[in-house]
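1. curious how this folds, go ahead:
(one chain, ligands or ions: 1)
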Amino acid sequence: MTEPLIVGAMVRTLGAYPSGWRQPGAHRDPAADADILRHIAREGEDAGLDYLFFGDWLATGPDLEFRDPYLLARIDPVSAVLFLAGITSRIGLIATVNTTYADPYTTARSLASLDVLTRGRAGINLVTGAEPRAAGNHGRDAHADNETRYDRAEEFVEALRRLWDSWDEDAWIADAERGVLIDPEGLRAADLHGAQVRVTGPLNVARPPQGRIPIVHAGTSTRSRALAATEADLALTAAPTLADGIATRRLLRDIAAEAGRSPDALKVIAPVLPVVADTDAAAHRIVERLLALVPLAEGHQPSRTAFPPNRTVAALADALDVAADDPLRAVAFDAPVTAAEAARLGERGAALIERLARIAGLHVSGLHVSGAGRGEPLTWRHLVAAHAVPAAFVVGDARTIADHFETWRDEGAADGFNVLSAFQPAQFEAFTRLAVPELRRRGLVRDAGEREGATLRDRLGISSYVDA
Ligand SMILES: Cc1cc2nc3c(=O)[nH]c(=O)nc-3n(C[C@H](O)[C@H](O)[C@H](O)COP(=O)(O)O)c2cc1C
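-> Numbers count the residues shown, from 1 in each chain. The predicted structure is shown next:
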């Protein structure tokens, strides 16, 4: 595989790491999102990134502070991309839409509008949603089950395609002399009569410049994989390791081929949370600080409808199969982990300790971990935080980050990356200013000016899309 990688930013203004907002200088006021969104968009566009990606979550509650604080209060994704459409000129703009609750006609219309306004830079990420509280916000009694949600998602995709195809490319004639505005034969109804989605059409927006706006899908279930492999242009995975990345990409490509589609028409995008600094040691110090500042949930009383908090010693102990009466369950958060205690945490505990040595230089006194530097002592707080917030961390200087991208491409684990930034704007800037030039030097990403005037579909290398 020698194609350049697709590289986009998954934008979370409060930072993608739960303690990101606590870092010095980090953006922490969602009421001021306009400023940081503008800044991120300019930075990403100047760096030649392929797209800015906005996720979505259709509910909020105080429990989210103890899981993913960026979900607590944020700009709705379609509003975010429309806001950025006017202040950018090259970068792709991808908004998430939840097919369980959204209306297909309204969605087709918003995205076609975005595509027209940006001259072909729109993309849509379809999700079916995992948040039960979304039901109550949309007049439903319960969140639909997986089968029902994906049945609807499939019909939703069909509705979008038919609506975007409403106008033939040459249907808008606008011949002032003859007084002929349109060719009525070139305007088609959608006429979809599905079990869950019914829409007549045609769409009251001009034909989107991309024709078919790139479809992204992110999910984890079997039905989700089938939808991604057969209908999406980009499939977002959650692969945390290289082996997982290789297996997931292979599986998705196999499903695509079985469905009669060229596997190369599907681009598989892996998540990465690069913590970048001038040196590996400086990057390790940033991770150590991020871990130390994760608010733990001990003493927090979750509401009945909330997600269960997982940032407790008990949750860690359960996950590592520590016996119910083991005194380890009563340790103080900020006490260093001793070698004797580490030995009682089993294989998964050893793997966690090894990972923390690698990404943050944390060490257990008297315990040798191969390849690990010697930074701060590992505490229980570090362990609980690292277990509760698994992230696809790559930590180091520009070369370390570029090595990760190169290895994943060469091993067939990814066609591209969704880059998460632990906190804004410093870590996004560290990626664009330190890591991107190194990626470019190695030919892993295209030159910033190479795709002037390109649509998002062109940028993603999916211009030759053929319907399966
Ligand atoms: C990388 C990635 C990003 C995702 N982003 C979102 C998101 O922003 N909003 C959302 O509701 N679901 C998102 N999901 C998908 C949810 O996990 C999915 O909707 C949920 O799991 C329900 O689908 P499932 O039953 O297939 O898992 C994302 C998944 C992945 C892998």
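
2. give the contact list for Pro322.
-> Quick fix: residue 322 reads Val, not Pro. Listed by CB atoms under 8 Å, 6 or more residues apart in numbering, the contact partners of Val322 are Leu328, Arg329, Arg344, Leu345. Using the backbone N, CA and C atoms, a C-beta is placed for each residue, glycine as well.

3. now do the SS call for Val395.
-> Taken by DSSP: H, G, I helix; E, B strand; the rest coil, the conformation at Val395 corresponds to strand.

4. can you show me the strands along the stretch 1-150 of the chain?
-> If DSSP state E, counting those that start in this stretch is used as the criterion, the strands of the stretch 1-150 of the chain fall at 6-10, 51-54, 92-98, 122-127.

5. please compute how far the longest one lies from its chain's middle.
-> Read that as strand 92-98. Centroid displacement of strand 92-98 relative to its chain, using CA atoms, centre = their mean, to the nearest Å, is 11 Å.

6. give me the contact list for that strand.
-> Everything outside strand 92-98 that qualifies as a contact, by CB under 8 Å, 6+ apart, is 8, 50-56, 58, 77-78, 80-81, 84-85, 107, 111, 114, 118, 121-129, 134, 214, 216, 218, 456, 459-460.

7. now the shortest one
-> For strand 51-54, the external contacting residues (CB under 8 Å, 6+ apart) are 8-11, 40-41, 44, 75, 77, 80-81, 84, 91-96, 123, 125, 216, 418, 456, 459.

8. how far away is Arg249 from the ligand?
-> 13 Å (CB to the nearest ligand atom, to the nearest Å).

9. out of the contacts of strand 92-98, which touch the ligand?
-> Among these, proximity to the ligand is found for Gly55, Asp56, Val127, Thr128, Gly129, Ala218 (CB under 6 Å from any ligand atom).

10. sorry, back to before: where neighbours are concerned, which of the contacts of Val322 has the most?
-> The most crowded member of the contacts of Val322 is Leu345, carrying 20 neighbours; neighbours defined as other CB atoms under 10 Å.

11. setting aside sequence neighbours, what's the nearest residue to that one?
-> Leu320 (5.1 Å; CB to CB, 6 or more residues apart in numbering).

12. residues contacting the closest residue to the ligand within the stretch 301-450 of the chain?
-> In the stretch 301-450 of the chain, the residue found nearest to the ligand is Asn418; the distance is 6.4 Å by CB to the nearest ligand atom. Listed by CB under 8 Å, 6+ apart, the contact set of Asn418 reads Gly8, Ala9, Met10, Phe53, Leu236, Ile269, Ala270, Pro271, Val272.

13. closest one of those residues to Gly396?
-> Minimum separation from Gly396 among the contacts of Asn418 (CB to CB) is found for Val272, which lies at 12.4 Å.

14. name the element the closest one belongs to?
-> Assigned by DSSP states H and E, Val272 falls within strand 267-276.

15. part of a strand, is Ala239?
-> No. With three-state DSSP as the criterion, Ala239 is located in coil rather than a strand.

16. that one is in contact with Phe417, isn't it?
-> No. Here Ala239 lies out of contact with Phe417, judged by CB atoms under 8 Å, at a distance of 10.7 Å.

17. overlap in contacts, these two.
-> Common neighbours of Ala239 and Phe417 are listed as Ala270, Pro271 (criterion: CB under 8 Å, 6+ apart).

18. who has more neighbours out of the two?
-> Counted by other CB under 10 Å, Ala239 and Phe417 do not tie: Phe417 has more neighbours, with 27 against 22.

19. mean confidence for the host helix or strand of the more buried one?
-> With secondary structure defined by DSSP H and E, Phe417 is part of strand 416-419. Mean pLDDT, taken over the full extent of strand 416-419, equals 98.

20. again with stretch 333-345
-> If you average the pLDDT values across stretch 333-345, you get 90.

21. and if you look at stretch 363-377?
-> Stretch 363-377 shows a mean pLDDT of 79 in the predicted model.

22. what is the end-to-end distance of it?
-> 5 Å (CA to CA, to the nearest Å).

23. returning to that earlier point: any chance of CSV for the strands of the stretch 1-150 of the chain, columns mean pLDDT, mean neighbour count and distance to Tyr17?
-> Conversion of those to CSV gives the following (pLDDT from 0 to 100; neighbours: other CB atoms under 10 Å; distance: least, CB to CB, whole Å):
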stretch, mean pLDDT, mean neighbour count, distance to Tyr17
strand 6-10, 98, 25, 12
strand 51-54, 98, 26, 17
strand 92-98, 98, 25, 20
strand 122-127, 98, 26, 21
